[in-house]
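1. Structure for this input, please:
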Amino acid sequence: MRIINTALSLTLGASALLYGSTVVADTRVLASIKPLELLVRAIATEGTQTTTLVPPGASPHNYSMAPSKRRALENSDVIFWVGPGMETFLTRLLTGSEFGERSVALMGETTNTGASENVSMIQDHEDTHHAHEPQGQDHEHEHDHGDGEGAGQDPHVWVDPHMALTMAEAIRDALARLDGADKPALDRNLRAFESSIAAKEMEIRKQLEPVQDISLFAYHSAFIRFAEHYNLKVEGVLTLNPERSPGARHIAEVQASLRSANHPCLLTEPQFNRQWWRSITQGLDVTFSTWDPLATGIEASADGYAAFQQSIADAVLKCLPENAQH
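-> Model (predicted):
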(Lines give C-alpha, C1' and ligand atoms only; values in the text may rest on other atoms or scores of the structure.)
Protein backbone atom coordinates (compact mmCIF):
# COMPACT_ATOMS: atom_id res chain seq x y z
CA MET A 1 0.00 0.00 0.00
CA ARG A 2 2.89 2.36 0.82
CA ILE A 3 4.34 1.72 -2.65
CA ILE A 4 1.02 2.59 -4.31
CA ASN A 5 0.66 5.76 -2.25
CA THR A 6 4.20 6.81 -3.06
CA ALA A 7 3.66 6.22 -6.76
CA LEU A 8 0.42 8.20 -6.64
CA SER A 9 2.16 11.08 -4.88
CA LEU A 10 4.89 11.11 -7.50
CA THR A 11 2.30 11.10 -10.29
CA LEU A 12 0.37 13.99 -8.76
CA GLY A 13 3.58 15.91 -8.23
CA ALA A 14 4.60 15.46 -11.85
CA SER A 15 1.17 16.58 -12.98
CA ALA A 16 1.45 19.72 -10.87
CA LEU A 17 4.79 20.51 -12.46
CA LEU A 18 3.43 19.83 -15.94
CA TYR A 19 0.24 21.84 -15.64
CA GLY A 20 1.09 24.28 -12.88
CA SER A 21 2.55 26.85 -15.26
CA THR A 22 -0.66 26.81 -17.29
CA VAL A 23 -2.78 27.47 -14.21
CA VAL A 24 -0.55 30.31 -13.09
CA ALA A 25 -0.52 31.73 -16.61
CA ASP A 26 -4.32 31.95 -16.80
CA THR A 27 -5.36 35.52 -17.54
CA ARG A 28 -7.25 37.10 -14.66
CA VAL A 29 -9.71 39.76 -15.78
CA LEU A 30 -11.72 41.96 -13.43
CA ALA A 31 -14.76 43.89 -14.71
CA SER A 32 -16.23 46.66 -12.62
CA ILE A 33 -19.83 45.64 -13.36
CA LYS A 34 -21.56 42.52 -14.65
CA PRO A 35 -22.43 43.85 -18.15
CA LEU A 36 -18.74 44.46 -18.82
CA GLU A 37 -17.97 40.92 -17.68
CA LEU A 38 -20.50 39.68 -20.24
CA LEU A 39 -18.58 41.52 -22.96
CA VAL A 40 -15.28 40.10 -21.71
CA ARG A 41 -16.66 36.56 -21.70
CA ALA A 42 -17.78 37.00 -25.31
CA ILE A 43 -14.27 37.99 -26.43
CA ALA A 44 -11.88 36.20 -24.08
CA THR A 45 -10.26 32.88 -24.94
CA GLU A 46 -10.07 29.70 -22.87
CA GLY A 47 -8.03 30.03 -19.74
CA THR A 48 -9.37 33.49 -18.93
CA GLN A 49 -10.78 33.90 -15.43
CA THR A 50 -13.37 36.68 -15.13
CA THR A 51 -14.91 38.27 -12.06
CA THR A 52 -17.03 41.32 -11.30
CA LEU A 53 -16.14 43.96 -8.74
CA VAL A 54 -19.59 45.43 -7.86
CA PRO A 55 -21.64 42.61 -6.27
CA PRO A 56 -25.25 41.74 -7.18
CA GLY A 57 -27.80 44.20 -5.81
CA ALA A 58 -25.30 47.04 -5.38
CA SER A 59 -25.19 50.22 -7.48
CA PRO A 60 -21.92 51.38 -9.08
CA HIS A 61 -23.04 54.94 -8.37
CA ASN A 62 -22.42 54.66 -4.64
CA TYR A 63 -20.61 51.36 -4.02
CA SER A 64 -18.23 51.24 -1.05
CA MET A 65 -15.41 48.83 -1.84
CA ALA A 66 -14.44 46.23 0.76
CA PRO A 67 -10.77 45.31 1.39
CA SER A 68 -11.30 41.94 -0.31
CA LYS A 69 -12.27 43.76 -3.47
CA ARG A 70 -9.03 45.71 -3.41
CA ARG A 71 -7.22 42.38 -3.35
CA ALA A 72 -9.17 41.44 -6.49
CA LEU A 73 -7.72 44.54 -8.16
CA GLU A 74 -4.22 43.55 -7.07
CA ASN A 75 -4.59 40.01 -8.43
CA SER A 76 -5.93 41.05 -11.85
CA ASP A 77 -3.93 41.20 -15.06
CA VAL A 78 -6.34 43.66 -16.63
CA ILE A 79 -9.25 45.68 -15.21
CA PHE A 80 -12.13 46.93 -17.33
CA TRP A 81 -14.37 49.75 -16.15
CA VAL A 82 -16.69 52.23 -17.81
CA GLY A 83 -14.74 55.23 -16.58
CA PRO A 84 -14.69 58.14 -14.12
CA GLY A 85 -18.18 59.21 -15.14
CA MET A 86 -19.70 55.97 -13.83
CA GLU A 87 -17.66 54.19 -11.15
CA THR A 88 -16.53 57.28 -9.26
CA PHE A 89 -15.31 55.11 -6.35
CA LEU A 90 -12.65 53.65 -8.68
CA THR A 91 -11.36 56.86 -10.23
CA ARG A 92 -8.48 57.49 -7.82
CA LEU A 93 -7.34 53.85 -7.85
CA LEU A 94 -7.60 53.15 -11.57
CA THR A 95 -6.07 56.40 -12.75
CA GLY A 96 -3.18 56.23 -10.27
CA SER A 97 0.23 54.64 -10.55
CA GLU A 98 -0.69 51.36 -8.86
CA PHE A 99 -3.44 50.15 -11.20
CA GLY A 100 -3.40 52.67 -14.04
CA GLU A 101 -1.22 50.57 -16.33
CA ARG A 102 -3.56 47.58 -16.22
CA SER A 103 -6.91 49.36 -16.24
CA VAL A 104 -8.95 50.04 -19.37
CA ALA A 105 -11.60 52.77 -19.22
CA LEU A 106 -14.13 52.01 -21.94
CA MET A 107 -15.55 55.50 -21.86
CA GLY A 108 -13.96 58.75 -20.76
CA GLU A 109 -10.73 60.64 -21.02
CA THR A 110 -8.38 58.09 -19.41
CA THR A 111 -5.63 57.49 -21.97
CA ASN A 112 -3.05 55.45 -20.06
CA THR A 113 -4.76 52.21 -21.04
CA GLY A 114 -3.78 51.98 -24.66
CA ALA A 115 -7.48 51.95 -25.57
CA SER A 116 -7.70 55.65 -26.37
CA GLU A 117 -8.68 55.01 -29.98
CA ASN A 118 -11.66 52.91 -28.92
CA VAL A 119 -12.65 55.44 -26.26
CA SER A 120 -12.55 58.12 -28.93
CA MET A 121 -14.86 56.04 -31.12
CA ILE A 122 -17.36 55.80 -28.28
CA GLN A 123 -17.23 59.55 -27.76
CA ASP A 124 -17.68 60.19 -31.49
CA HIS A 125 -20.72 57.90 -31.41
CA GLU A 126 -21.88 59.92 -28.41
CA ASP A 127 -21.94 63.15 -30.41
CA THR A 128 -24.30 61.73 -33.05
CA HIS A 129 -26.19 59.42 -30.70
CA HIS A 130 -27.84 62.35 -28.92
CA ALA A 131 -28.71 64.36 -32.02
CA HIS A 132 -32.34 63.66 -31.11
CA GLU A 133 -33.56 63.82 -27.53
CA PRO A 134 -36.28 61.69 -25.89
CA GLN A 135 -39.67 63.34 -25.93
CA GLY A 136 -40.65 65.19 -22.79
CA GLN A 137 -37.06 65.63 -21.58
CA ASP A 138 -35.27 68.78 -20.56
CA HIS A 139 -32.31 68.82 -22.95
CA GLU A 140 -30.16 70.77 -20.55
CA HIS A 141 -30.50 68.31 -17.68
CA GLU A 142 -31.52 65.03 -19.21
CA HIS A 143 -28.24 63.16 -18.79
CA ASP A 144 -26.65 65.25 -16.05
CA HIS A 145 -27.03 63.28 -12.84
CA GLY A 146 -24.89 65.67 -10.91
CA ASP A 147 -22.99 62.70 -9.49
CA GLY A 148 -19.84 62.86 -11.52
CA GLU A 149 -21.31 61.75 -14.82
CA GLY A 150 -20.94 65.29 -16.07
CA ALA A 151 -20.43 66.88 -19.48
CA GLY A 152 -23.97 65.92 -20.46
CA GLN A 153 -22.83 62.35 -21.24
CA ASP A 154 -24.88 59.43 -19.97
CA PRO A 155 -22.31 56.77 -19.00
CA HIS A 156 -24.67 53.78 -19.28
CA VAL A 157 -23.11 52.96 -22.66
CA TRP A 158 -23.38 49.19 -22.31
CA VAL A 159 -27.16 49.08 -22.86
CA ASP A 160 -26.69 50.26 -26.47
CA PRO A 161 -25.59 47.26 -28.58
CA HIS A 162 -23.67 49.39 -31.07
CA MET A 163 -21.63 50.94 -28.29
CA ALA A 164 -21.19 47.48 -26.79
CA LEU A 165 -19.56 46.40 -30.05
CA THR A 166 -17.09 49.28 -29.82
CA MET A 167 -16.38 48.32 -26.22
CA ALA A 168 -15.86 44.71 -27.30
CA GLU A 169 -13.25 45.90 -29.80
CA ALA A 170 -11.43 47.75 -27.01
CA ILE A 171 -11.57 44.60 -24.88
CA ARG A 172 -10.13 42.54 -27.75
CA ASP A 173 -7.28 45.04 -28.19
CA ALA A 174 -6.45 45.05 -24.47
CA LEU A 175 -6.46 41.25 -24.20
CA ALA A 176 -4.35 40.95 -27.37
CA ARG A 177 -1.60 43.02 -25.73
CA LEU A 178 -1.17 40.54 -22.87
CA ASP A 179 1.73 38.09 -22.96
CA GLY A 180 0.80 34.82 -24.62
CA ALA A 181 -2.46 36.15 -26.08
CA ASP A 182 -4.08 34.03 -28.80
CA LYS A 183 -4.83 36.89 -31.18
CA PRO A 184 -6.49 34.81 -33.94
CA ALA A 185 -8.87 33.31 -31.36
CA LEU A 186 -9.68 36.77 -29.97
CA ASP A 187 -10.46 37.96 -33.50
CA ARG A 188 -12.71 34.97 -34.14
CA ASN A 189 -14.57 35.59 -30.92
CA LEU A 190 -15.05 39.24 -31.81
CA ARG A 191 -16.46 38.34 -35.23
CA ALA A 192 -18.81 35.80 -33.65
CA PHE A 193 -19.95 38.41 -31.13
CA GLU A 194 -20.63 40.94 -33.89
CA SER A 195 -22.75 38.40 -35.77
CA SER A 196 -24.72 37.34 -32.70
CA ILE A 197 -25.46 40.92 -31.68
CA ALA A 198 -26.56 41.88 -35.19
CA ALA A 199 -28.97 38.93 -35.25
CA LYS A 200 -30.27 39.73 -31.76
CA GLU A 201 -30.77 43.39 -32.69
CA MET A 202 -32.92 42.46 -35.70
CA GLU A 203 -34.95 40.08 -33.54
CA ILE A 204 -35.54 42.70 -30.85
CA ARG A 205 -36.53 45.41 -33.33
CA LYS A 206 -39.28 43.15 -34.64
CA GLN A 207 -40.40 42.24 -31.12
CA LEU A 208 -40.66 45.88 -30.07
CA GLU A 209 -42.73 47.10 -33.02
CA PRO A 210 -46.01 46.92 -31.01
CA VAL A 211 -44.48 49.09 -28.28
CA GLN A 212 -43.75 52.10 -30.49
CA ASP A 213 -46.90 53.96 -29.40
CA ILE A 214 -46.58 53.19 -25.68
CA SER A 215 -45.47 56.10 -23.48
CA LEU A 216 -42.47 54.87 -21.52
CA PHE A 217 -41.11 56.42 -18.34
CA ALA A 218 -37.80 55.44 -16.80
CA TYR A 219 -36.70 55.42 -13.19
CA HIS A 220 -33.45 57.11 -14.20
CA SER A 221 -31.49 57.69 -17.38
CA ALA A 222 -29.86 54.24 -17.57
CA PHE A 223 -32.71 53.19 -19.89
CA ILE A 224 -32.37 56.11 -22.31
CA ARG A 225 -29.67 54.67 -24.56
CA PHE A 226 -31.56 51.42 -25.14
CA ALA A 227 -34.75 53.36 -25.89
CA GLU A 228 -33.02 55.66 -28.35
CA HIS A 229 -31.37 52.77 -30.14
CA TYR A 230 -34.71 51.03 -30.71
CA ASN A 231 -36.70 54.24 -31.34
CA LEU A 232 -38.89 53.85 -28.29
CA LYS A 233 -40.86 56.77 -26.90
CA VAL A 234 -39.49 57.91 -23.53
CA GLU A 235 -41.57 60.75 -22.14
CA GLY A 236 -40.07 61.19 -18.71
CA VAL A 237 -37.41 60.19 -16.19
CA LEU A 238 -38.42 60.07 -12.52
CA THR A 239 -35.07 61.10 -11.12
CA LEU A 240 -32.10 62.72 -12.82
CA ASN A 241 -29.84 61.41 -10.07
CA PRO A 242 -30.63 58.01 -8.49
CA GLU A 243 -28.75 59.00 -5.34
CA ARG A 244 -30.89 62.07 -4.66
CA SER A 245 -34.61 62.70 -4.28
CA PRO A 246 -35.94 64.89 -7.11
CA GLY A 247 -37.39 68.29 -6.37
CA ALA A 248 -41.12 68.94 -6.06
CA ARG A 249 -41.22 70.75 -9.40
CA HIS A 250 -39.71 67.81 -11.28
CA ILE A 251 -42.06 65.35 -9.57
CA ALA A 252 -45.06 67.49 -10.53
CA GLU A 253 -43.90 67.62 -14.14
CA VAL A 254 -43.47 63.85 -14.30
CA GLN A 255 -46.88 63.27 -12.72
CA ALA A 256 -48.49 65.60 -15.27
CA SER A 257 -46.81 63.70 -18.09
CA LEU A 258 -48.00 60.39 -16.66
CA ARG A 259 -51.62 61.63 -16.54
CA SER A 260 -51.59 62.72 -20.18
CA ALA A 261 -49.59 59.80 -21.57
CA ASN A 262 -50.82 56.97 -23.78
CA HIS A 263 -50.72 53.75 -21.70
CA PRO A 264 -47.91 55.07 -19.48
CA CYS A 265 -45.44 52.43 -18.34
CA LEU A 266 -42.76 53.01 -15.73
CA LEU A 267 -39.60 50.93 -16.09
CA THR A 268 -38.10 50.52 -12.63
CA GLU A 269 -34.79 49.03 -11.48
CA PRO A 270 -34.23 46.49 -8.69
CA GLN A 271 -31.24 48.37 -7.25
CA PHE A 272 -33.39 51.28 -6.05
CA ASN A 273 -36.15 51.87 -3.51
CA ARG A 274 -39.51 50.49 -4.65
CA GLN A 275 -41.58 52.47 -2.15
CA TRP A 276 -40.16 55.76 -3.40
CA TRP A 277 -41.43 55.49 -6.95
CA ARG A 278 -44.68 53.89 -5.78
CA SER A 279 -45.42 57.04 -3.76
CA ILE A 280 -44.85 59.27 -6.80
CA THR A 281 -47.26 57.26 -8.97
CA GLN A 282 -49.93 56.68 -6.33
CA GLY A 283 -53.43 57.21 -7.73
CA LEU A 284 -52.23 57.24 -11.34
CA ASP A 285 -53.09 54.61 -13.96
CA VAL A 286 -49.55 53.41 -14.61
CA THR A 287 -48.18 50.08 -15.76
CA PHE A 288 -44.99 48.87 -14.09
CA SER A 289 -42.19 46.72 -15.39
CA THR A 290 -38.74 46.04 -13.95
CA TRP A 291 -35.52 45.79 -15.91
CA ASP A 292 -32.00 45.34 -14.57
CA PRO A 293 -29.28 47.52 -16.15
CA LEU A 294 -26.65 45.54 -14.21
CA ALA A 295 -27.65 42.16 -15.68
CA THR A 296 -27.66 40.55 -12.23
CA GLY A 297 -29.56 37.42 -13.26
CA ILE A 298 -27.75 36.88 -16.56
CA GLU A 299 -25.27 34.00 -16.81
CA ALA A 300 -21.70 35.16 -17.42
CA SER A 301 -21.10 33.34 -20.69
CA ALA A 302 -20.19 34.08 -24.30
CA ASP A 303 -23.90 34.51 -25.05
CA GLY A 304 -24.58 36.56 -21.94
CA TYR A 305 -24.72 39.98 -23.57
CA ALA A 306 -27.32 38.89 -26.13
CA ALA A 307 -29.37 37.44 -23.25
CA PHE A 308 -29.00 40.76 -21.43
CA GLN A 309 -30.36 42.67 -24.43
CA GLN A 310 -33.27 40.24 -24.63
CA SER A 311 -34.01 40.71 -20.93
CA ILE A 312 -34.42 44.46 -21.49
CA ALA A 313 -36.70 43.86 -24.47
CA ASP A 314 -38.79 41.41 -22.43
CA ALA A 315 -39.23 44.05 -19.71
CA VAL A 316 -40.41 46.58 -22.30
CA LEU A 317 -42.88 44.08 -23.78
CA LYS A 318 -44.53 43.85 -20.35
CA CYS A 319 -45.63 47.45 -20.93
CA LEU A 320 -48.11 46.35 -23.60
CA PRO A 321 -51.72 46.57 -22.33
CA GLU A 322 -52.24 42.82 -22.71
CA ASN A 323 -49.16 42.14 -20.58
CA ALA A 324 -49.61 45.03 -18.16
CA GLN A 325 -49.05 44.83 -14.41
CA HIS A 326 -50.48 47.74 -12.41
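2. tell me which residues form a beta bridge with Val237?
-> Per DSSP bridges, residues listed as beta-bridge partners of Val237: Ala218.
3. quick one: pLDDT of it?
-> Val237 is assigned 85 on the pLDDT scale.
4. Same check on the one 4 residues further on?
-> Asn241 carries a pLDDT value of 69.
5. Equivalent analysis for Val23, please.
-> Looking at Val23, its pLDDT is 35.
6. next one: the one 5 residues further on
-> The confidence metric pLDDT takes the value 96 at Arg28.
7. wait, isn't it in contact with Ile79?
-> No. Shown here, Arg28 and Ile79 do not form a contact pair, counting by CB atoms under 8 Å, at 9.7 Å. The way it works is simple: take the backbone N, C-alpha and C, and place the C-beta from them, glycine included.
8. Looking at those two, which is more packed in?
-> Ile79 (25 against 14; other CB atoms under 10 Å).
9. Show me where the stretch 101-250 of the chain has its helices.
-> 116-129, 161-176, 183-207, 224-229, 248-260 (DSSP state H, counting those that start in this stretch).
10. picking that back up, now do the shared contacts for Arg28 and Ile79.
-> By CB atoms under 8 Å, 6 or more residues apart in numbering, Arg28 and Ile79 have no common neighbours.
11. that older thread, how about the helices of the stretch 101-250 of the chain in CSV, adding mean neighbour count and distance to Asn323?
-> CSV is the format used below for those (neighbours: other CB atoms under 10 Å; distance: least, CB to CB, whole Å):
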stretch, mean neighbour count, distance to Asn323
helix 116-129, 16, 29
helix 161-176, 22, 23
helix 183-207, 15, 12
helix 224-229, 22, 18
helix 248-260, 14, 19
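12. Out of those helices, which gets nearest to Leu93?
-> When the helices of the stretch 101-250 of the chain are compared by CB to CB, helix 161-176 sits nearest Leu93, at 17.6 Å.
13. Could you check how far that closest one is from the centre of its chain?
-> Centroid separation between helix 161-176 and its chain, computed with CA atoms, centre = their mean, to the nearest Å, is 13 Å.
14. ok now do Leu30, which residues does it touch?
-> Leu30 sits next to Thr50, Thr51, Thr52, Leu53, Ala72, Leu73, Ser76, Val78, Ile79, Phe80 when contact means CB under 8 Å, 6+ apart.
15. Now the residue sitting nearest the centre point of the chain. Nearest residue, chain neighbours left out?
-> The chain has Pro35 as the residue nearest its centroid, 3.7 Å off, counting by CA atoms, centre = their mean. Spatial nearest neighbour of Pro35, excluding adjacent residues (CB to CB, 6 or more residues apart in numbering): Trp158 at 4.2 Å.
16. for that neighbour, what are its contacts?
-> Contacts of Trp158 by CB under 8 Å, 6+ apart are Ile33, Pro35, Leu36, Leu39, Val82, Ala164, Met167.
17. Could you say which helix or strand holds the third one?
-> Right, the one you point to is Leu36. Per DSSP states H and E: Leu36 is located in helix 34-43.
18. on that earlier part again, next one: the residue nearest to the centre of the chain relative to Pro155, how far apart?
-> Using CB to CB, to the nearest Å, we find Pro35 at a distance of 12 Å from Pro155.
19. in its sheet, what does whatever helix or strand Leu267 lives in sit against?
-> Assigned by DSSP H and E, Leu267 belongs to strand 265-268. In the sheet, strand 265-268 lines up against strand 216-218 (parallel), strand 287-290 (parallel) (DSSP bridges).
20. Ser311 - how many residues pack around it?
-> For Ser311, the neighbour count with other CB under 10 Å is 15.
21. With Pro321 instead?
-> Using other CB under 10 Å, Pro321 is surrounded by 10 other residues.
22. Touching, Ile298 and Ile312? I think so.
-> No. Using CB under 8 Å, Ile298 is not in contact with Ile312; the gap is 10.5 Å.
23. What ranges in the stretch 101-250 of the chain fall below the confidence cut-off?
-> Residue ranges of the stretch 101-250 of the chain with pLDDT under 70: 108-152, 240-243.
24. Since that was my last question, I'll sign off now.
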